[in-house]
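J.: From the sequence below, what's the structure:
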Amino acid sequence: MKGFPIAALLVAALLVAAPGDGAAQTATDPFHVYLVVWRGETDVEHGFRAHMYERGIPVRYTLRNADRNRSKLPEFAAEIRAEKPDLVHTFGTSVALGIFGPHTGAEPGMHIGDIPGVFSIVSYPVQDKIVEQFEAPGRPLTGSIFLTPINTQIDTILAYRPIDTLGVIYNPLERNSVTNVDQLRTETGARGITLLEYPVPLNAEGRPDATRLPELVDALVRDGAQFLYMGPDSFITVNSLDISERAADRGIPSFAAVEASFERSRAMLGLVSRYFLIGKLAGAQAENILVGGEAPENLPVASLARFAILIRMPVALQLGIFPPMGLLRVAQVVE
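T.: Okay, here's the model as predicted:
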C-alpha cells in the first residue's frame, strides 16, 4: 500500500468571505426566510443566522422541522406557497427533494419552483437531480456541497493506518447514503481495497431497524473490516454512538465523514466540513440573492475550500492505534 503525503491532507477552518461592501440591508421590512430542517435545528441554521446578523441584514424566520419524516414535507411546501417568503433554506437531501423536487420532474402543485432557494448538507446535488450542474443550477435554487471528496476521505484513513478492507453500514432508504456508497465502492475498487457493505434491514413498518445494528457491527468485525465508515446518513448519525462504541469494543476504529456523526459518536477519526461554516456559506449565498439581487440559477453551487481532520485520542489509546506524527501536526485532537 503506497503512502500518502500528509501535506496533501492539510485542512483547517474556512473563513467564509462576505460579499462585496455595501451589502447591509436598509429596508424597513425584514426579509422572510423559511427554514426547513430534517432533524431539528443544527449549527448550519445557527451559522446562517449568524451571517445575517453580522452583516446587519434584518430577517424574519419561519422554522419547520420534518423530524426525519418525509410525509411532513408536502405540508411545509403548501405553507411556503401560501406565505411566499423571500427565500427558502433547506437542510439535507431528503428535504431539498421534498420541497423543491428533482430538476427533471418537479411538480408545480407539490414542489416550490418560483421562490428562491438555498440548500445545505446535500452530498451529491447533481447525481440526486437537485440541480442540473454545479456551475449553473438551471432553476431558482443553489446551495453548497459539504461532503469532502471520497478520494480525500480514503487518503485520510490511509494516512492514519494502511488498510485493505473497509466496512460501511448504511440506510438503504436514504438516497444520498446510497449514492455515497456507490462512490465509495468505485474509489475503494480503484485502490484495491475490499468494501464490505451492510445495508440496515427494514422493520415491519418499512423503516431501518436500529435493533439490527449490533449484529451488523459484529458481521463487519467477523468479515475482517479494519475500519468502520460512517457516511452522510441521518439514520447512521442518530445511531452513531451505539455503532462506534460497539465497533471500538470489538477492536475496530470508526471514521466519520460528517461532523454530526463524529460529534455524536466515539469515532476515532473524521474528515469533516464544519456545520457552522456551511451555514455561514449558505448565508452568504442568501445575501447575494436577497441583497445583491442575483438570480440563484446563476449562482454556482459552492463548497468550503478547507476541511477539518479530527482525531479522538481516547479511542486511539483504547484501541492501541496511535496516529502518525505527520497527521497529528495537521489534525485537531479531541476528547
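
J.: What residues sit buried inside the helix or strand harbouring residue 47?
T.: Using DSSP states H and E, residue 47 sits in helix 43-54. For helix 43-54, the buried set under the neighbour-count rule, 16 or more other CB atoms under 10 Å, comprises 43-45, 47-49, 51-52. In short, each C-beta sits where N, CA and C put it, glycine included.

J.: Over to stretch 217-230?
T.: Of all the residues in stretch 217-230, those buried under the rule 16+ other CB under 10 Å are 217, 220-221, 225-230.

J.: quick one, phi/psi of residue 232?
T.: phi -80, psi 80 (degrees, to the nearest 10).

J.: let me redo that: residue 63
T.: Main-chain dihedrals, residue 63, degrees, to the nearest 10: phi -110, psi 130.

J.: how much space is there between it and residue 79?
T.: Going from residue 63 to residue 79 by CB to CB, to the nearest Å gives 12 Å.

J.: before we move on, what about residue 121?
T.: Computed as CB to CB, the residue 121 to residue 79 distance reads 21 Å.

J.: and what of residue 235?
T.: Taken as CB to CB, the span from residue 235 to residue 79 is 26 Å.

J.: Spatially central residue for this protein, please.
T.: residue 121 (4.0 Å; CA atoms, centre = their mean).

J.: Just say helix, strand or coil for that residue.
T.: strand (DSSP: H, G, I helix; E, B strand; the rest coil).

J.: just residue 187 next, same as before
T.: helix.

J.: correct me, but it touches residue 157?
T.: No: look at residue 187 against residue 157 with CB atoms under 8 Å: they stay out of range, at 10.9 Å.

J.: thinking again about what came up before, higher neighbour count, residue 235 and residue 79?
T.: Neighbours were counted for residue 235 and for residue 79 using other CB atoms under 10 Å; residue 235 has more, 21 against 14.

J.: Alpha carbons only: can I get stretch 282-291 in PDB?
T.: Only the C-alpha atoms of stretch 282-291 are listed here, as PDB (Å, rounded to 0.1, in the frame of the first residue of the first chain):
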ATOM      1  CA  ALA A 282     -25.400  29.500   2.900                       C
ATOM      2  CA  GLY A 283     -26.000  32.900   4.500                       C
ATOM      3  CA  ALA A 284     -23.500  34.500   2.100                       C
ATOM      4  CA  GLN A 285     -25.400  32.900  -0.800                       C
ATOM      5  CA  ALA A 286     -28.700  34.100   0.600                       C
ATOM      6  CA  GLU A 287     -27.200  37.600   0.900                       C
ATOM      7  CA  ASN A 288     -26.200  37.600  -2.700                       C
ATOM      8  CA  ILE A 289     -29.800  36.700  -3.700                       C
ATOM      9  CA  LEU A 290     -31.800  38.900  -1.200                       C
ATOM     10  CA  VAL A 291     -29.500  42.000  -1.000                       C
END
